[in-house]
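Asks: Everything below, folded, please.
(chains A and B)
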Amino acid sequence: MNKEYMHIILADDDEDDRLFFTDAFEELKINTKVKTYNDGAELMDYLNSEDSILPEILFLDLNMPKKNGIECLHEIKSNPRFGNIAIAIYSTSSSEEHIEETFVNGANIYIKKPNDFNTLKKVLSDVVTINWQYQTSGLNKDNFLLRM
Amino acid sequence: MKKILFDKSSFLLAAIFVVAAALLFFLMVLAYKHLEKQTESVEWMQQSYEISAKLQHIFSNLKDIETERRNVILRANHEEARKIINEKMIEITALENSLKQNFINYPVQQENLQTLDMMIRYKYNIVNKTLSSLSREEDMETMKESLLAGKNVMASIQDKIGEMLEEEEILLNQRKDTLIDIQKSTPFYLFIISLFSLGMLVFAFYKMNKDVKTQKRNNDELKLALDTSQLAEKVGGYGIWIYDYTTKEYYFSDNEYRLLGYEPQAFQADHEKFFQHIHPEDRKRVDAKYHIMIETGSMIPFRYRIITKDGELRHFQMVGESVLSPSGERILLGITTDITSEVESQLKLEGTNWMLRERNKTLSIANETFEEAEKIGFFGTCQYLIDEDRFILSDNLFRLFGHELSDEDQFLKSFEEDIHPNDLKMVKMKISSVFIQKEITSFAFRIIRKNDRKLRYIDVTSKIIRDKEVGDYYLFIAQDATDEILDKLSIREKNRILEANNKELQAFNYVASHDLQEPLRKIETFISRLTDKDYDKLSDSGKQYLERIQLSSGRMRTLINDLLQFSRTTRAEQSYEVCDLNLLMNNALEELYHPIEEKRAQLEISNLPVLKVVPFQVQQLFTNLISNSLKYSKEGVKPYIKVDSEKVKSATEKLLSKAVPGTYYKITFSDNGIGFEQEYADKIFQLFHRLHGRGEFEGTGIGLAICKKIVENHKGYICAKGIPGEGSVFTIYFPEETKAFS
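Replies: All right, here's what the predicted structure looks like:
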């Protein structure tokens, strides 16, 4: 890897989840720079700003105030500037409707928030080290949902 | 008609033949006559020639005589001359005699011949004188005189012969003409008559030929008629017999024999022989009738029985009449008909009539039954006969409307008054649409029943029925559907409630899946963080609490997940597994460890069966039922819960009277709790239905509804029985037959 850091962004309105998320990356000892935003509006403001550093992976919670995950997903996928951002849905829900909708709208992976910190660490580690090239080209619904 | 024609023709033919024969005969006579005449003419001509020849001969003899006389004179040989002259005279006399014969029928020539004879005698005398004078040597003068006289006589003789020859020639010419006439006319007549006869014969031949053809055709027709009559006999099953009064003989037609079971003409037609086949009981009667028939020559048909050659019983009918045969003899013509099938069908008809009478009885019974059925089934009928423009109303129709059994007109006039005012317009429209559009219609309306002023629902179905006997008619079936409609309305209401409840449940599901899971997940994550980071720092009791928190939150997660999964059971595939229910019961008890401990409940659980079930659902069921018993336990009394299990037949269980027949596992949960009023036994299974206020007992009101749903998912039944203050019993039936829900 030529880059010093892998840029990662999480948009989640839940403070606890943001905490678990940053804690997990701290403990993983991977060279990452994690930024978190409290809702979809904040996230999009940042991404649309000119001096923004675009992340390699964007984790999106679905249920957020102001602008929810699906709306963010739409905006990002319709802007060619964000073409290289891999999008991971990061949600409490594992309902078929949500999985279907996000898959159709171009999300790369769907992660159901684990209820165990160690599991969380493993999931995030896996997601970061995925060969995204492969993941984006060989999209299919079976491996879309990341099962732990 | 034909016969007359034929007679006419034969008469004509005979006439033609007679005429032709007469003509031919006439022809023959004519021909003979002509031939005869011809022969006669020829003879006459011959005779004429003969006569002239004879006359010539006479003259030549006379000339000879003259010559001799002159010779005598010259040579004076008297003797020889005399001899020759006498010879010539004899010859002449013979010729004269023969001429005389020839001239029998001709007086002119006879006279001529006599004159000639006289002249010849004179001549002879002269010659004789000459001769005698010579002998006496007379003078020359006398000689000269006699010579001259002889010369004159010769001339006159010559004249006379010439005259005669002339005469004969005239006659000959006459005859020649006649002959020519005959020769000319004969062939002409012959030809004419022959031609005529030939024509007649040709005509006769043509006529005959034609007659032969007609006769042949008549013969063919006669043969066809005969064949037809024989066939008719066979097909029609009748035979003909003839009795000849004069000869006392019988004749039987072919089929007459067949009727008796014989080959045609198998025996000599005989009265006795026929009578042998008549049924012994009928013989006397038939004999009497037969004799009357012979005597009077006519008979009205009468029936009798016959036993055929093969011993078969047949029914015959006989009819006879005396007629004149074509040849003019009086005969008795009889027809024997086999009417067995007719008689049999008549018998059958009588049988059918009897059966029909019986059926009528049955029908009237059926009618009574139907009336009873009407009363019990709360329906009445009305028929409208189109052809007769008439209504037929059943008794029960009056009852349905609360009318007395009054006359139909009265009812038809006033029944509209009973109809609920709001429905009247609709009813009128429907009825008219039935009649106008001939539709099969079904509609319901309300009436105010006349006798008790109660609101009733009437359901009417109408149909046009095509009946061949009474014609097309409309059938209206009116049924008091009050109970059904009220039930339907209540079901509709229940459904509405259920739908509302389902929506609430769906909202609850959403809450459970998202909002409830969120804090739970965090609790668990924090627990895991705490366990990882600070476990060692905790005291022993703290560690135990932490474990309990972990266990509880885990149970909660299971519950939430199960609930979510349960809510999807109706649409998602359910995974049935063969499962030991004891295991599921243990899981349930484990889940309820705390409340059981807390309430110090006593449980008695008997052995449970192994069934094919959806495991988590049944576990949920057990949990819910036991927790229900724990929840509604009496205060101050230790809860006692007893679970029993047994195998039963649906037939012996009162509660399964309406269930699918078969073997069931019956599991009962009995407790000593607060119980409930029995009238709420069904309501407690309704979603979100609570018998108690939130202040008294905790609960969401889904527990038992879920139980019911689970049991129904397994094609089972659940019911509750409660006695307030004493306890309640929940009974579950699971069908043994695993196929029922596979």
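Asks: For the residue most central in space within chain B, give its distance to residue B:537.
Replies: The central residue of chain B, meaning the one whose C-alpha is nearest the mean C-alpha position (Cα atoms, centre = their mean), is residue B:235 at 17.6 Å. Summarising the geometry, the distance separating residue B:235 from residue B:537, computed by Cβ to Cβ, to the nearest Å, is 125 Å. (C-beta placed from N, C-alpha, C; glycine too.)
Asks: ok so, going back, can you check what pLDDT the model gives the residue nearest to the centre of chain B?
Replies: Residue B:235 is assigned a predicted lDDT (pLDDT) of 78.
Asks: Which strands and helices lie in contact with the helix or strand hosting it?
Replies: Here residue B:235 sits within helix B:140-236, counting by DSSP states H and E. For helix B:140-236, the elements it packs on are helix B:2-75, helix B:107-135, helix B:254-259, judged by 3 or more Cβ pairs under 8 Å, 6 or more residues apart in numbering or on different chains; DSSP states H and E.
Asks: For chain A, find the nearest of those.
Replies: The closest approach between chain A and any of the helices and strands packed on helix B:140-236, judged by Cβ to the nearest Cβ, belongs to helix B:254-259 at 92.9 Å.
Asks: in the helix or strand just after that closest one, what counts as buried?
Replies: Sequence-wise, the next helix or strand beyond helix B:254-259 is helix B:271-275, with elements assigned using DSSP H and E. Residues of helix B:271-275 classed as buried: residue B:274 (neighbour count, 16 or more other Cβ atoms under 10 Å in any protein chain shown).
Asks: Stretch B:365-379 now?
Replies: Neighbour-count burial for stretch B:365-379, with 16+ other Cβ under 10 Å as criterion, is recorded at B:374, B:378-379.
Asks: just curious, which of these is nearest to residue B:132?
Replies: Residue B:132 has its nearest neighbour among the buried residues of stretch B:365-379 in residue B:374, at 183.3 Å by Cβ to Cβ.
Asks: Touching, residue B:263 and residue B:252? I think so.
Replies: No - with contacts defined as Cβ atoms under 8 Å, residue B:263 does not count as touching residue B:252, sitting 12.0 Å away.
Asks: Could you say which helix or strand holds residue 88?
Replies: I went with chain A, as the question did not name one. Assignment of secondary structure by DSSP H and E places residue A:88 within strand A:86-91.
Asks: meant chain B, my bad for not saying
Replies: In this assignment (DSSP H and E), residue B:88 forms part of helix B:78-102.
Asks: For that helix, which helices and strands make contact with it?
Replies: With contacts defined as 3+ Cβ pairs under 8 Å, 6+ apart, helix B:78-102 has these neighbours: helix B:2-75, helix B:107-135.
Asks: coming back round to it: need the buried residues of stretch B:365-379 in TSV (columns: pLDDT, distance to chain A and secondary structure).
Replies: Listed next are the buried residues of stretch B:365-379 as TSV, based on pLDDT from 0 to 100; distance: Cβ to the nearest Cβ, whole Å; DSSP: H, G, I helix; E, B strand; the rest coil:
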residue	pLDDT	distance to chain A	secondary structure
B:374	73	57	helix
B:378	77	51	coil
B:379	81	51	strand
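Asks: Which one of those is nearest to residue B:364?
Replies: Set against residue B:364, the nearest of these by Cβ to Cβ is residue B:374 (15.4 Å).
Asks: Just the strands from chain A, written as ranges.
Replies: A:6-11, A:32-37, A:57-60, A:86-91, A:109-112, A:145-146 (DSSP state E).
Asks: Could you tell me the least trusted of the ones you listed?
Replies: Per-stretch averages of pLDDT across those put strand A:145-146 at the bottom, with a mean of 68.
Asks: Give me the pLDDT for residue 123.
Replies: This is for chain A. If you check residue A:123, the pLDDT there is 88.
Asks: meant chain B actually
Replies: Note for residue B:123: predicted pLDDT of 80.
Asks: mind listing what residue 30 touches?
Replies: Here I'm looking at chain A. Contacts for residue A:30 (Cβ atoms under 8 Å, 6 or more residues apart in numbering or on different chains) come out as A:6, A:125, A:128.
Asks: I was thinking of chain B, sorry if that wasn't clear
Replies: Under the criterion of Cβ under 8 Å, 6+ apart, the contact partners of residue B:30 comprise B:186, B:189-190, B:193.
Asks: Would you pull up the residue in the stretch 51-200 of chain B closest to chain A?
Replies: Nearest to chain A, among the residues of the stretch 51-200 of chain B, is residue B:199, at 123.4 Å (Cβ to the nearest Cβ).
Asks: Now render the strands of chain A as TSV, adding distance to chain B and mean neighbour count.
Replies: Supplementary listing: the strands of chain A in TSV, determined by distance: least, Cβ to the nearest Cβ, whole Å; neighbours: other Cβ atoms under 10 Å in any protein chain shown:
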stretch	distance to chain B	mean neighbour count
strand A:6-11	15	22
strand A:32-37	16	18
strand A:57-60	16	25
strand A:86-91	9	24
strand A:109-112	10	22
strand A:145-146	16	16
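Asks: Please name whichever of those is nearest to residue B:448.
Replies: Proximity of the strands of chain A to residue B:448 was assessed by Cβ to Cβ; the nearest stretch is strand A:86-91, lying at 62.6 Å.
Asks: Could you list every helix and strand that the helix or strand hosting residue B:436 packs against?
Replies: Element membership of residue B:436, judged by DSSP H and E, is helix B:421-437. Where contact means 3+ Cβ pairs under 8 Å, 6+ apart, helix B:421-437 is packed against helix B:408-418, strand B:441-448.
Asks: what residues does that helix touch?
Replies: Looking at what lies outside helix B:421-437 - Cβ under 8 Å, 6+ apart - the contacts are B:416, B:419, B:439, B:441, B:443, B:445-446, B:460, B:462, B:474.
Asks: Which helix or which strand is home to residue B:453?
Replies: In this structure, residue B:453 sits in neither a helix nor a strand according to DSSP H and E.
Asks: okay, now residue 82: neighbour count?
Replies: As the question left the chain open, I've gone with chain A. Burial measure for residue A:82: 16 neighbouring residues, criterion other Cβ atoms under 10 Å in any protein chain shown.
Asks: meant chain B, my bad for not saying
Replies: 17.
Asks: again with residue A:42
Replies: Using other Cβ under 10 Å, residue A:42 is surrounded by 16 other residues.
Asks: what's the closest non-adjacent residue to it?
Replies: In space, residue A:42 comes closest to residue A:11 once its chain neighbours are excluded; the distance is 7.3 Å by Cβ to Cβ, 6 or more residues apart in numbering or on different chains.
Asks: That neighbour against residue A:40, yeah?
Replies: Yes - judged on Cβ under 8 Å, residue A:11 makes contact with residue A:40 at a distance of 6.0 Å.
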